[in-house]
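1. What follows is a predicted protein model with its sequence.
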Amino acid sequence: MDELQLIFVYNANGDLFSSLTDFAHKIISPATYECQLCKLTYGNFLIKNEWKEFIENLPLKSVFVYRDQFEKQYRVKDDFPSIFVTMNSVPEKIISRNEIENCKTLEELKTLVTQKISLLSNRNT
């Protein structure tokens, strides 16, 4: 049986060209950048320390993937960014794009993730 894990899916593709284009877009025109998950959790170059520490202290293993990687592995198309939980390799969306976009600060995103994990824990007990 697989362990329960969170999958954070960015609204970007993982190839080099896409990564460079996204990097430039985020700096040149941040207001039109389409991945709120990236905007909240990354600075211009690196993951924010506050987010890194938060993820490291979650009770579930967390993985981060790009849209194309997620679609290929799970054969699921979605409106990204989204956050899924997997059990036995089956993804279930727990946080939608709309919920992520409603988070205007990293603190709001952390609260949302914490609340959803709490709901999962209550559901599985």
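-> Alright, I've got the coordinates.
2. C-alpha only now, for contacts and for neighbours.
-> Will do.
3. So what's the residue count around Ile55?
-> Using other Cα atoms under 10 Å, Ile55 is surrounded by 16 other residues.
4. which ones are touching it?
-> Ile55 makes contacts with Ser62, as judged by Cα atoms under 8 Å, 6 or more residues apart in numbering.
5. Please confirm that it is located within a helix.
-> Yes - per DSSP: H, G, I helix; E, B strand; the rest coil, Ile55 lies within a helix segment.
6. From Asn11, how far out is it?
-> The spacing between Ile55 and Asn11, counted by Cα to Cα, to the nearest Å, is 19 Å.
7. try Ser96
-> Applying Cα to Cα, the value for Ser96 to Asn11 is 12 Å.
8. neighbour-wise, which of those two wins?
-> Residue environment comparison for Ser96 versus Asn11 gives the larger neighbour count to Asn11, 23 against 16, counting by other Cα under 10 Å.
9. And that one, its phi and psi?
-> The phi and psi torsions at Asn11 (degrees, to the nearest 10) take the values phi -90, psi 60.
10. Burial check on Tyr10, number of neighbours?
-> Each residue near Tyr10 was counted by other Cα under 10 Å, and the total is 24.
11. That one contacts Tyr66, doesn't it?
-> Yes - in this structure Tyr10 lies within contact range of Tyr66 using Cα atoms under 8 Å: 4.9 Å.
12. What are the boundaries of the strands in the chain?
-> Counting by DSSP state E, one finds strands in the chain at the ranges 5-10, 61-66, 82-87, 90-95.
13. which of those strands is buried the deepest?
-> Most buried of the strands of the chain, by mean neighbour count (mean count of other Cα atoms under 10 Å): strand 5-10, with a mean of 23.
14. which residues touch that one?
-> Taking Cα under 8 Å, 6+ apart as the criterion, the residues outside strand 5-10 that touch it are 35, 37-38, 60-67, 70, 80-87.
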